[in-house]
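Chemist: Quick check, what structure comes out for this input:
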Amino acid sequence: MTDTLRRIDLGGRARTRGRKLVRPKLAWLAIDTLRLDDSYQRGLAAANWANISTIAANFDWARFTPILAAPVEGGLYAIIDGQHRTHAAALRGFDEVPAMVAPMTHAEQARAFAWVNGQVTAITMYHVYKAALAAMEPWALDARDAVEAAGCRLMTYNVAPHNRKPREVYLIALVREHVDAGRADLVTAVLAAISAAPTGDEPHAWSNAVVRPFLAALLQLSDWRQVDLARFLAENDLVDIHDRVAVMRRQQPGLARQPPSLIYRRTLLALLRKHVGEAGKAGNGRDAA
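Modeler: Residues are numbered from 1 along each chain as shown. Next up, the predicted model:
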């Protein structure tokens, strides 16, 4: 059997040294002393409870890795990783769970949560964004500010599409992509224009299928700032155009082979170029007068 046991072998790679770290301690913590910080932790939905029930039904300490926790005020501990296992242990009647306890600031707790779960568990961008806000990460603060400047809200949780409301923005990855590229002003301008548009109260107007191609089309212009966004959206219903593109794809076999987002973006780009041309002529006329 020892033939299958392998040592830790770095394969000739050099050891590296980072900042000096405080050594964590291993301990059994009373479940009554454990807390969950909702500023970065996930809530427990039906799917989470189903997972907890499965762990509890098959509970075995050999399958239970120590939770990661940080000491907080009052002799309590914040769970960074392991809330499912802890709930399952409580369901099985245990009063304590093994833990690796590492001192962390609140921001470090949020970063640790995002890192551990981002590496191990399939968490959503909503969880990452929420944790990044709690950790005061610049990208999260900038994304939030760009959206709030348009009178909208960048959501930290997801809901079913039919329950979404206007001005609730669920496009975290899209917003971050543009903000990171230095285009926060574009995000703010577009969201503000959609909010003020006649169809701004339609939840679909805020969907990724509508907003992403519109942003992409604007970037294909020589300067998106020359577009009067309020006027353009008053004259062009983004949702209606998106729906008509879907109908065109069904009716024209040649279009059916192209991605709907591509056709939609090209349609918007043509309309934007026409708008800019007309606006330019009108401006020249006023200047001449």
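Chemist: Do you have the strands of this protein handy? List them.
Modeler: 25-30, 34-35, 67-72, 76-81, 96-101, 153-154, 168-169 (DSSP state E).
Chemist: The nearest residue to Leu29 once chain neighbours are set aside bridge partners, please.
Modeler: Excluding its sequence neighbours, the residue lying closest to Leu29 (CB to CB, 6 or more residues apart in numbering) is Ala99, at 4.7 Å. Using the backbone N, CA and C atoms, a C-beta is placed for each residue, glycine as well. Beta-bridge partners for Ala99, by DSSP bridges, are Ala27, Ile67.
Chemist: Hmm, Ile31 and Ala99 touching each other?
Modeler: No - Ala99 is not in contact with Ile31 according to CB atoms under 8 Å; the separation is 10.3 Å.
Chemist: So between these two, which is more surrounded?
Modeler: Neighbours per residue, other CB atoms under 10 Å: of Ala99 and Ile31, the larger number sits with Ala99, 24 against 14.
Chemist: Can you report how many residues lie near Ala181?
Modeler: Look at Ala181: counted by other CB under 10 Å, it has 10 neighbours.
Chemist: where does the nearest residue to Ala197 once chain neighbours are set aside sit relative to Ile241, distance-wise?
Modeler: Leaving out its chain neighbours, the residue that sits closest to Ala197 by CB to CB, 6+ apart is Leu233, at 3.9 Å. Separation of Leu233 from Ile241 (CB to CB, to the nearest Å): 11 Å.
Chemist: pLDDT below threshold where in the stretch 151-289 of the chain?
Modeler: For the stretch 151-289 of the chain, the stretches with pLDDT under 70 are 256, 278-289.
Chemist: circling back to that earlier point, which one of Leu233 and Ile241 is surrounded by more residues?
Modeler: Leu233 (22 against 16).
Chemist: From what I see, that one and Ala193 are in contact.
Modeler: Yes - counting by CB under 8 Å, Leu233 touches Ala193, with 5.2 Å between them.
Chemist: how about the closest residue to His87 other than its chain neighbours, what does it touch?
Modeler: Nearest in space to His87, with sequence neighbours left out and distances taken as CB to CB, 6+ apart, is Ile52 at 4.7 Å. With contact taken as CB atoms under 8 Å, 6 or more residues apart in numbering, Ile52 is in contact with 44, 84, 87-88, 91.
Chemist: What segments of the stretch 101-250 of the chain are helices?
Modeler: For the stretch 101-250 of the chain, the helices defined by DSSP state H, counting those that start in this stretch occupy 106-120, 125-134, 138-148, 172-180, 184-196, 208-219, 229-235, 238-251.
Chemist: Burial-wise, tell me which of those comes out on top.
Modeler: Stretch with highest mean neighbour count among the helices of the stretch 101-250 of the chain: helix 125-134 (a mean of 22; mean count of other CB atoms under 10 Å).
Chemist: Touching, Thr124 and Asn158? I think so.
Modeler: Yes - Thr124 lies in contact with Asn158 (CB under 8 Å); the separation is 6.6 Å.
Chemist: Including distance to Lys130, could the strands of the chain go into JSON lines?
Modeler: As requested, these are exported to JSON lines (distance: least, CB to CB, whole Å):
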{"stretch": "strand 25-30", "distance to Lys130": "25"}
{"stretch": "strand 34-35", "distance to Lys130": "17"}
{"stretch": "strand 67-72", "distance to Lys130": "17"}
{"stretch": "strand 76-81", "distance to Lys130": "14"}
{"stretch": "strand 96-101", "distance to Lys130": "23"}
{"stretch": "strand 153-154", "distance to Lys130": "10"}
{"stretch": "strand 168-169", "distance to Lys130": "14"}
